[in-house]
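Peer 1: I would like to see how this sequence folds:
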Amino acid sequence: MDIIKTSTDWAKAEVFSSSFFMLSGGLFLLASVAFWYLGKTEMAKAYVTPSIVVGVLLFIIGAGIFYANKTRTTSFVEDYNKDAAAFVQSEIVRIDKSMGEYKTAVFRVIPVIIAVASMLIIFMDKPVWRASSITVIGMMFVIMMIDSNANQRLVTYKEKLLEVANQNK
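Peer 2: From the prediction side, this is the model:
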């Protein structure tokens, strides 16, 4: 198995995935412009600021993932050529750390944020609270949708790394 190709393919998939964060951020920004320009009701105008904030945050998240994995694709070959076994082991450690972060942030904290935002929709009567809560739920939906796929890619990547690690023993 060519572990460099596997690693590079994984990083390229992450770079591709980051474009969905940036695309979603752009759509929130576009929605903000539409609410600002076309919004006639107080509720429509209340969406402007939350949509800008969420759009910028999603774009920053996407850009960060894009940069991190783009640079990682070039460093894979150098790291592997220095010490192949250490490269495989360091990737397994990095994946375990990332999967732990996904388990906490994506699969525990985000559902709580969605529940709190949902309660705010029920109990807060002001349009700005409802628009902010609905926008936050939209952002959390985007993050969960993209990161649940990223988590599954990590599981697959780790399995392949473990195969290589076991072959080298």
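Peer 1: now residue 98, nearest residue through space, not along the chain?
Peer 2: With CB to CB, 6 or more residues apart in numbering as the criterion, residue 98 has its nearest non-adjacent residue at 5.9 Å, and that residue is residue 154. C-betas here are computed from N, CA, C, even on glycine.
Peer 1: Kindly report the same for residue 65.
Peer 2: Nearest to residue 65 is residue 18, by CB to CB, 6+ apart, at 3.8 Å.
Peer 1: what helix or strand is the one you found on?
Peer 2: Assigned by DSSP states H and E, residue 18 falls within helix 3-38.
Peer 1: Summarise which helices and strands that helix is packed against.
Peer 2: helix 42-46, helix 48-82, helix 84-101, helix 127-167 (3 or more CB pairs under 8 Å, 6 or more residues apart in numbering; DSSP states H and E).
Peer 1: Show the average pLDDT along the longest one.
Peer 2: This points to helix 127-167. When pLDDT is averaged over helix 127-167, the result is 95.
Peer 1: helices or strands next to that helix in the packing?
Peer 2: helix 3-38, helix 42-46, helix 48-82, helix 84-101, helix 110-123.
Peer 1: for the second one, same thing?
Peer 2: Based on contacts counted as 3+ CB pairs under 8 Å, 6+ apart, the elements that helix 48-82 packs against are helix 3-38, helix 84-101, helix 127-167.
Peer 1: so which of those gets nearest residue 68?
Peer 2: helix 3-38 (8.1 Å; CB to CB).
Peer 1: Return the set of buried residues in the closest one.
Peer 2: 3-4, 6-8, 10-11, 13-15, 17-18, 20-22, 24-25, 27-29, 31-32, 35 (16 or more other CB atoms under 10 Å).
Peer 1: thinking again about what came up before, tilt between the helix holding residue 18 and helix 48-82?
Peer 2: On the basis of axes from the mean of the first three to the mean of the last three CA atoms, to 10 degrees, helix 3-38 is oriented at 170 degrees to helix 48-82.
Peer 1: of the helices and strands packed on helix 127-167, which approaches residue 139 most closely?
Peer 2: Of the helices and strands packed on helix 127-167, the one closest to residue 139 (CB to CB) turns out to be helix 48-82, at 4.4 Å.
Peer 1: The closest one: how far from the chain's middle?
Peer 2: Centroid separation for helix 48-82 versus its chain: 9 Å, with CA atoms, centre = their mean, to the nearest Å.
Peer 1: pLDDT weak spots in the chain?
Peer 2: 1 (pLDDT under 70).
Peer 1: Kindly provide the distance from residue 23 to residue 79.
Peer 2: Residue 23 sits 31 Å away from residue 79, going by CB to CB, to the nearest Å.
Peer 1: Same check on residue 168?
Peer 2: 15 Å.
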